[in-house]
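Trainee: Pasting the sequence and the predicted coordinates here, then a few questions.
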There are 2 protein chains.
Amino acid sequence: MNNFIFQNPTKLVFGKGQIAKLRKLIPTDKKVMITYGGGSIFKNGVYDQVKEALKNHTVTEFGGIEPNPEYETLMHCVTECREKEIDYLLAVGGGSVIDGTKFVATALKWEGDPWAFLEKPIPVTEAVPLATVLTIAATGSEMNNGSVISRRERKEKRFFFNDACYPQFSILDPTVLYSLPQKQVANGVIDTFIHVLEQYVTFDNQAYVQDYWAEGILKTLVNIAPKLMENQHDYDNCSNFMYAATMALNGFIAMGVAQDWATHMIGQELTALHGLDHGVTLAIVYPGVASVMREDKREKLLQYGERVFGINQGSDDERIEQVIVATEKFFRSLGVGTRLSDYGIGEETINEIARRFEERKFMLGEKGNITPDIVKEILHHVK
Amino acid sequence: MNNFIFQNPTKLVFGKGQIAKLRKLIPTDKKVMITYGGGSIFKNGVYDQVKEALKNHTVTEFGGIEPNPEYETLMHCVTECREKEIDYLLAVGGGSVIDGTKFVATALKWEGDPWAFLEKPIPVTEAVPLATVLTIAATGSEMNNGSVISRRERKEKRFFFNDACYPQFSILDPTVLYSLPQKQVANGVIDTFIHVLEQYVTFDNQAYVQDYWAEGILKTLVNIAPKLMENQHDYDNCSNFMYAATMALNGFIAMGVAQDWATHMIGQELTALHGLDHGVTLAIVYPGVASVMREDKREKLLQYGERVFGINQGSDDERIEQVIVATEKFFRSLGVGTRLSDYGIGEETINEIARRFEERKFMLGEKGNITPDIVKEILHHVK
């Protein structure tokens, strides 16, 4: 096991009916900005619950934060917050709203152009306090310090980390998933699944508990995904899905182990260039990463295959092939295309992505050995 | 899954060589009291590492905190802390030292006789800040808000919880386990194992990830325990053991599930009356609880047997019998006696323990249905 430092201060408030707790969770002397996305919270009743809970608070609203939250939009929010002297942000939405709100919270404490800490990994440590009411299970942003922001004008998608951006609390009411479009359930399952694989299918870290925990989340998803696609109104399935998504990226399974993230880094470029859903990009890229990097990941691919999909027949090479096929098949079973050609993406994009990694001069993967040429090979594999 | 609220602010600093980080982890303007136990930290080098790291801090020491930390001893520590205006406590030791230090930290902020919050569950919310350098893997106290205190004069062992007692940080260097007496390794494995069972073998909570995580810790312990008994100088085994012990009782596997704790409550009385090691009391009591409560725990006992010990042959009743036997056998494989008669304890103690629960008027177990008569039955079962 590697040495590590871990801390996660976010308070989770989980279960049906918990949104009403907002009343006591946010101090009444705060000037609160509620942030949200395209308005689904008006249809599913979450907006009304939030407003009811905060009826004795000073509250302003900022809506319209897009999927893959847009820099320009968020900068408008920053201006509004400054004008209204906001000192508490409440993100009501999924990962995009939460990530966007983390950016706003950080930008409010940043002097100068905030693009700076997205362009390069400059340390940021301050933020206006923020909390969340989660409405989509997927990114885990509700219990971590990370944020991913898009700038469409430049076709860029960038991330930053800020410990001051751990939400002070996150309310997770699984019933909000009942009305989620099925596409978002599928994307959320894939996002969660790949978050785990990025922290698990690397090399052997002699970290036994962490391995079992990663596998526990994967097995849960394999078990509940078809049931969720069938019936989104089952509380048990929705609560296990929501819980799994949060646990997949709150640092709990990351302690003392190597991490990959090549799939996310490459997928991010597909979103930046073609606007593909985040989950979709992951479903495309992962089978390529696993296939091309199979020698480096050999031991863990075998373990993943055996413990999650019960693959224990055939030679090691055959079993590795089987687990990659099983993974892709799982994604396809959720109605998601797993090839670039499913989205009309070809050679030009592959070359542009490789060029971008060449320009940024950083190598991907748990061993930092994925060169731009290997990125190309990965994308060719999933054409 | 049940509704829940979870938060755990403790920072974990894990790995070899991490004790040196103390220098930066504790602010230099603090007046630090280092607390410890019987002096093993002088032999294993931990004391020297701590002193070296804190050479620029204002430091006082209080040693001699016993296993099952004693109220009278701790009250001396409280007096010393008051005299020296201590405003930071650093527990260097195992669960007893940490629990004792949590009591001191709380008592320092308490007006009146601190026995009050041990005698009855009065809410306590304040404490002097504390941190730990862990030297024994067992209780999980390094990453939770609980503390168990003994008062030998009254033959009482009592607990309290205080959110202000989550350690600010805990340093876990697995190499400190190399020199631990084998008996303490065995006790620590059992303590960790039972912590998990208390949160897992109840009834079906439809909490899939939590179940897998509990089983992951149990399987890790079953795997490494014999290796630890053979060779205590293997870093991988020691780090997995230390990690497992912390993860077993930091709330991570407790979210949204029922909890039992009957074994701990009954075991606590055996320590209060006879001074038995905590781990030993658990190894005795658990097979009795599982056996007598087998109907209430039926589904989870079957799942535990299958997923942890691979028990999948025979009727349900036979499999339940097998898993109880396997559990007891696992404890005995660590050199620990699992019957009251192994320690010369008989009818008189059984009656006294039942009498105590009668007097306190509370029922044990995840369903609150273990009456004093059932406590008697449990203890008769393990005579």
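Mentor: All right, it came through fine.
Trainee: care to break chain A down by domain?
Mentor: A:11-175, A:182-381 (automatic domain parsing).
Trainee: How about the residue nearest to the spatial centre of chain A: what's its closest non-neighbour residue?
Mentor: With distances taken as Cα atoms, centre = their mean, the residue of chain A nearest its centroid is residue A:139 (2.6 Å). Excluding its sequence neighbours, the residue lying closest to residue A:139 (Cβ to Cβ, 6 or more residues apart in numbering or on different chains) is residue A:95, at 2.8 Å. The C-beta positions use only the backbone N, C-alpha and C, and glycine is treated the same way.
Trainee: dump the residue contacts of that neighbour.
Mentor: Residue A:95 makes contact with A:136, A:138, A:139, A:140, A:141, A:191, A:278 under the criterion Cβ atoms under 8 Å, 6 or more residues apart in numbering or on different chains.
Trainee: any idea how far chain B is from it?
Mentor: To chain B, residue A:95 is 19 Å away according to Cβ to the nearest Cβ, to the nearest Å.
Trainee: Equivalent analysis for residue A:216, please.
Mentor: The value you get for residue A:216 to chain B, if Cβ to the nearest Cβ is used, is 3 Å.
Trainee: My guess is the residue nearest to the centre of chain A contacts residue A:249. True?
Mentor: Yes - using Cβ atoms under 8 Å, residue A:139 is in contact with residue A:249, at 7.0 Å.
Trainee: quick one on the thing from earlier: what sits against the residue nearest to the centre of chain A?
Mentor: Contacts of residue A:139 (Cβ under 8 Å, 6+ apart): A:94, A:95, A:96, A:98, A:99, A:191, A:245, A:249, A:278.
Trainee: try residue A:160
Mentor: A:103, A:106, A:117, A:118, A:121, A:124, A:146, A:147, A:149.
Trainee: partner strands of the helix or strand hosting it, parallel or antiparallel?
Mentor: Per DSSP states H and E: residue A:160 is located in strand A:156-161. If you go by DSSP bridges, strand A:156-161 pairs up with strand A:146-151 (antiparallel).
Trainee: How far does the strand it pairs with sit from its chain's centre?
Mentor: Remark: strand A:146-151 is offset 11 Å from the chain centroid, using Cα atoms, centre = their mean, to the nearest Å.
Trainee: For residue A:62, grab phi and psi.
Mentor: phi -140, psi 110 (degrees, to the nearest 10).
Trainee: Got the confidence number for it?
Mentor: As summarised for this prediction, residue A:62 has a pLDDT of 98.
Trainee: Relative to chain B, how far out is it?
Mentor: For residue A:62, the distance to chain B - Cβ to the nearest Cβ - is 27 Å.
Trainee: how many other residues sit next to that residue?
Mentor: 23 (other Cβ atoms under 10 Å in any protein chain shown).
Trainee: Could you list everything it pairs with in the sheet?
Mentor: According to DSSP bridges, beta-bridge pairing links residue A:62 with residue A:35.
Trainee: hang on, isn't residue A:11 packed against residue B:6?
Mentor: Yes - using Cβ under 8 Å, residue A:11 is in contact with residue B:6, at 7.0 Å.
Trainee: So the two - more neighbours on which side?
Mentor: Shown here are residue A:11 and residue B:6; by other Cβ under 10 Å, residue A:11 has more neighbours (18 against 15).
Trainee: who's that one bridged to?
Mentor: Where residue A:11 sits in a bridge, its partners, by DSSP bridges, are residue A:169.
Trainee: quick one, what contacts it?
Mentor: Taking Cβ under 8 Å, 6+ apart, one finds A:168, A:169, A:170, B:5, B:6, B:7 in contact with residue A:11.
Trainee: for those, which one is nearest residue A:369?
Mentor: Of all those, residue A:369 sits closest to residue A:170, with 35.9 Å by Cβ to Cβ.
Trainee: Was I right to think that closest one contacts residue A:12?
Mentor: Yes - taking Cβ under 8 Å as the definition, residue A:170 is a contact partner of residue A:12 at 5.9 Å.
Trainee: which one of those two has more residues nearby?
Mentor: residue A:12 (27 against 23).
Trainee: how about the strands in chain A?
Mentor: A:4-14, A:31-35, A:58-62, A:88-93, A:130-134, A:146-151, A:156-161, A:169-172 (DSSP state E).
Trainee: Show me how far the longest helix seen in chain A is from its chain's centre.
Mentor: In terms of residue count, the longest helix belonging to chain A (DSSP state H) is helix A:208-230. The gap between the average C-alpha position of helix A:208-230 and the chain average comes to 16 Å, counting by Cα atoms, centre = their mean.
Trainee: just the CA coordinates of it, formatted as PDB?
Mentor: What follows is helix A:208-230 as a C-alpha-only set of coordinates in PDB (Å, rounded to 0.1, in the frame of the first residue of the first chain):
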ATOM      1  CA  TYR A 208      -6.800  -5.700  -0.200                       C
ATOM      2  CA  VAL A 209      -9.700  -3.800   1.400                       C
ATOM      3  CA  GLN A 210      -9.600  -1.100  -1.300                       C
ATOM      4  CA  ASP A 211      -9.800  -3.700  -4.000                       C
ATOM      5  CA  TYR A 212     -12.800  -5.400  -2.300                       C
ATOM      6  CA  TRP A 213     -14.500  -2.000  -1.900                       C
ATOM      7  CA  ALA A 214     -14.000  -1.100  -5.600                       C
ATOM      8  CA  GLU A 215     -15.300  -4.400  -6.600                       C
ATOM      9  CA  GLY A 216     -18.300  -4.000  -4.300                       C
ATOM     10  CA  ILE A 217     -19.300  -0.800  -6.100                       C
ATOM     11  CA  LEU A 218     -18.900  -2.500  -9.500                       C
ATOM     12  CA  LYS A 219     -20.900  -5.500  -8.500                       C
ATOM     13  CA  THR A 220     -23.700  -3.300  -7.100                       C
ATOM     14  CA  LEU A 221     -23.900  -1.400 -10.400                       C
ATOM     15  CA  VAL A 222     -23.900  -4.600 -12.500                       C
ATOM     16  CA  ASN A 223     -26.700  -5.900 -10.300                       C
ATOM     17  CA  ILE A 224     -28.900  -2.800 -10.200                       C
ATOM     18  CA  ALA A 225     -28.300  -1.300 -13.700                       C
ATOM     19  CA  PRO A 226     -30.800  -3.500 -15.600                       C
ATOM     20  CA  LYS A 227     -33.300  -3.100 -12.800                       C
ATOM     21  CA  LEU A 228     -32.900   0.700 -13.000                       C
ATOM     22  CA  MET A 229     -33.400   0.700 -16.800                       C
ATOM     23  CA  GLU A 230     -36.600  -1.300 -16.200                       C
END
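Trainee: Which residues of the stretch 151-300 of chain A lie near chain B?
Mentor: For the stretch 151-300 of chain A, the contact set with chain B under Cβ under 8 Å from any Cβ of the partner chain comprises A:169, A:174, A:206-213, A:215-217, A:219-220, A:223-224, A:236, A:239-240, A:243-244, A:247, A:252, A:255-256.
Trainee: one step back: need the pLDDT of the residue nearest to the centre of chain A.
Mentor: 95.
Trainee: ok, now how distant is it from chain B?
Mentor: 17 Å.
Trainee: Residue A:206 contacts residue B:238, correct?
Mentor: No - if you go by Cβ under 8 Å, residue A:206 and residue B:238 don't touch, sitting 11.0 Å apart.
Trainee: Just want to know which of the two has more residues nearby.
Mentor: Under the neighbour definition other Cβ under 10 Å, residue A:206 and residue B:238 were set side by side, and residue B:238 has more, 26 against 16.
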